[in-house]
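*Asks:* Prediction below, plus the sequence it came from.
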Amino acid sequence: MTVLTKANRQWESRPADERFGSLQAMHDAAIRFKTTARVEDIKAKALRAAAIGDDLVLEADGIGRSIMNNWSFSQLATRASAPTAYLKTLPAQLAAECLNVGLEREHRGENGDKSVQLLLGQHSARAITSDKYSRIWNADITSRLLELEARGPWQPAPAAFDGSRGLYLGDRDMFAFLVDNERRIFEKGPGGGLSRGFFCWNSEVGDASFGIMTFLYEYVCGNHRVWGVQNVAEAKVIHIGRDQSSKAFDMMQVEVKKYAETSAADDELRIQRCRRHVLGAKKDDVLDAIFKLKVPGLTKTVAGEAYDLAEKRVDWYGAPTTVWGYAGGLTEIARDQPNASDRHALNMAASKIMDLAAA
């Protein structure tokens, strides 16, 4: 059975002040981050570190001093080609001197004339990014999630053991888990009913891309592991290229809205087609049909393993000779890939295979 653990990792790792019981409370916090922030574009050679007592601060001409948090400190250390973990063990004054030596070396010549973008809070430096960075504000995402919730039937995930609802926001990133439990699919069908859900995530300080993952699932347990997952699709927008990234983000919002407003009957019809569509009479026939698709990233070894796994999971996915059964085995293999790009490639392969049933 395919299990998604992305929401579980958030639930296990987030401190209490980054957990929210409602989308409105999460949005209010995101708005506070945005309205108290300011963005400054400066030359790279203007960056300096300084020590004030035990605190390390960021200095630059015209912007004064700002205390660095862990994330902006790591970004500055990376820019100076200095080991972040080691610098944290040094006294503040010595760490500042080491950073400034590294920054001076890195910013000699043309490098120093390049622009950098600073994201400053009320009293802190939240991020140091390149001038190519295109910021997607968390508040813009949470406002769209509120719109989805208001129109219904989308809502935050069922309460976990501690009452949290899959909504997380800190000064570094955000994560939201929403579900549609009102329109169950195949309530009496093979494997039980399925609901729709999606994750979305973002960082406005350069820690992660904006991404969304949609899926069908059987149930969510008290630690927010998502069980019985099918039909996983994932897409991302990187924060590079001001105009291009903004257009991509707008396009992504259209996809979220389209997914949110899709009728449950449409999903049910698609699954029925996938369960009826037979790829072949036996394993070799199925693999021949798969390879005719020329799916990128799908090797003969993985294709065979997907069939074998689906054959063991007949109770979950149905016959491995069908589109639905085979795709279930493939998405389960994708779940366990350590590399995100490999997971994405296999999930896209499963989607392409399911498209056969729509032909």
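*Replies:* That came in fine, so what should we check first?
*Asks:* where does the protein have low pLDDT?
*Replies:* 1, 183-192, 241-249, 251-268, 340, 358-359 (pLDDT under 70).
*Asks:* In the record's domain split, what are the boundaries for it?
*Replies:* Domain assignment for the chain by automatic domain parsing gives 3-33+136-262, 38-120, 268-358.
*Asks:* Make a markdown table from those domains and add mean neighbour count to it.
*Replies:* Heads up, the C-betas are built off the backbone N, CA and C, glycines and all. Formatted as a markdown table, those follow (neighbours: other CB atoms under 10 Å):
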| stretch | mean neighbour count |
| --- | --- |
| domain 3-33+136-262 | 18 |
| domain 38-120 | 16 |
| domain 268-358 | 18 |
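*Asks:* Would you reformat those domains as JSON lines and include distance to residue 128?
*Replies:* Shown next, in JSON lines, are those (distance: least, CB to CB, whole Å):
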{"stretch": "domain 3-33+136-262", "distance to residue 128": "8"}
{"stretch": "domain 38-120", "distance to residue 128": "4"}
{"stretch": "domain 268-358", "distance to residue 128": "24"}
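*Asks:* Pairing partners for the one helix or strand residue 181 maps to, with directions?
*Replies:* Using DSSP states H and E, residue 181 maps to strand 174-185. Here strand 174-185 has these sheet partners by DSSP bridges: strand 155-156 (antiparallel), strand 167-169 (antiparallel), strand 194-202 (antiparallel).
*Asks:* Pipe those strands into JSON lines and attach distance to residue 309 per row.
*Replies:* Shown next, in JSON lines, are the strands paired with strand 174-185 (distance: least, CB to CB, whole Å):
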{"stretch": "strand 155-156", "distance to residue 309": "32"}
{"stretch": "strand 167-169", "distance to residue 309": "32"}
{"stretch": "strand 194-202", "distance to residue 309": "19"}
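*Asks:* Which one of the ones you listed lies nearest to residue 208?
*Replies:* Distance to residue 208, taken as CB to CB, is lowest for strand 194-202 among these, at 6.3 Å.
*Asks:* Can you name the element that comes right after that closest one?
*Replies:* Going down the chain from strand 194-202, the next helix or strand is strand 210-217, by DSSP H and E.
*Asks:* What is that next one packed up against?
*Replies:* strand 3-4, strand 194-202, strand 226-227, strand 230-237, helix 242-261 (3 or more CB pairs under 8 Å, 6 or more residues apart in numbering; DSSP states H and E).
*Asks:* Give me the buried positions along stretch 125-139.
*Replies:* For stretch 125-139, the neighbour count (16 or more other CB atoms under 10 Å) marks 125-129, 133-139 as buried.
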